[in-house]
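Engineer: here are the coordinates; sequence isn't available:
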């Protein structure tokens with residue numbers, strides 16, 4: 001899992017603390033759930049190629065880099081995911 005560090009105003013931190021205690025889950029879990037809800041539409045709007053590249057970016061080594069609009073990636077995905 002990745003780690004994210006961010007600055008939030010005191011009022012938002014207080015609300016986060018209250019939600020965490022009330023629901024008896026970590027503040028990280030509350031933030032993850034909130035981000036998932038907010039970003040759900042963004043995640044639905046990405047292409048299969050973008051999802052694939054995002055999942056594997058940084059995990060594979062090589063000289064070439066792939067982008068979500070890379071025709072080779074789109075071709076591979078269409079061939080193997082159809």
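Structural biologist: Happy to help now that I have it. A quick note: this is a predicted structure, and the numbers were derived from the prediction, not measured.

Engineer: care to break the protein down by domain?
Structural biologist: 8-45, 47-82 (automatic domain parsing).

Engineer: What mean pLDDT does the first one get?
Structural biologist: What it means is domain 8-45. For domain 8-45, mean pLDDT rounds to 91.

Engineer: just how off-centre is that domain within its chain?
Structural biologist: Between the centre of domain 8-45 and the centre of its chain there are 14 Å (Cα atoms, centre = their mean, to the nearest Å).

Engineer: Got phi/psi on residue 8?
Structural biologist: phi -130, psi 150 (degrees, to the nearest 10).

Engineer: Relative to residue 25, how far out is it?
Structural biologist: Between residue 8 and residue 25 the computed distance is 18 Å (Cβ to Cβ, to the nearest Å). (Each C-beta comes from the backbone N, C-alpha and C, glycine too.)

Engineer: Of all the domains of the chain, which one is nearest residue 1?
Structural biologist: Nearest of the domains of the chain to residue 1, taken as Cβ to Cβ: domain 8-45 at 9.2 Å.

Engineer: Need the domains of the chain in CSV (columns: distance to residue 2).
Structural biologist: Listed next are the domains of the chain as CSV, based on distance: least, Cβ to Cβ, whole Å:
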stretch, distance to residue 2
domain 8-45, 11
domain 47-82, 10
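
Engineer: can you list those in TSV and add mean neighbour count?
Structural biologist: Shown next, in TSV, are the domains of the chain (neighbours: other Cβ atoms under 10 Å):
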stretch	mean neighbour count
domain 8-45	11
domain 47-82	12
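
Engineer: what sits against residue 6?
Structural biologist: Counting by Cβ atoms under 8 Å, 6 or more residues apart in numbering, residue 6 makes contact with nothing.

Engineer: Mind giving me the packing neighbours of the helix or strand harbouring residue 50?
Structural biologist: If you go by DSSP states H and E, residue 50 is part of helix 48-56. Applying 3 or more Cβ pairs under 8 Å, 6 or more residues apart in numbering; DSSP states H and E, we find helix 48-56 packed against helix 71-81.

Engineer: at 10 Å instead, please
Structural biologist: In this structure, helix 48-56 packs against helix 27-45, helix 71-81, with contacts taken as 3 or more Cβ pairs under 10 Å, 6 or more residues apart in numbering; DSSP states H and E.
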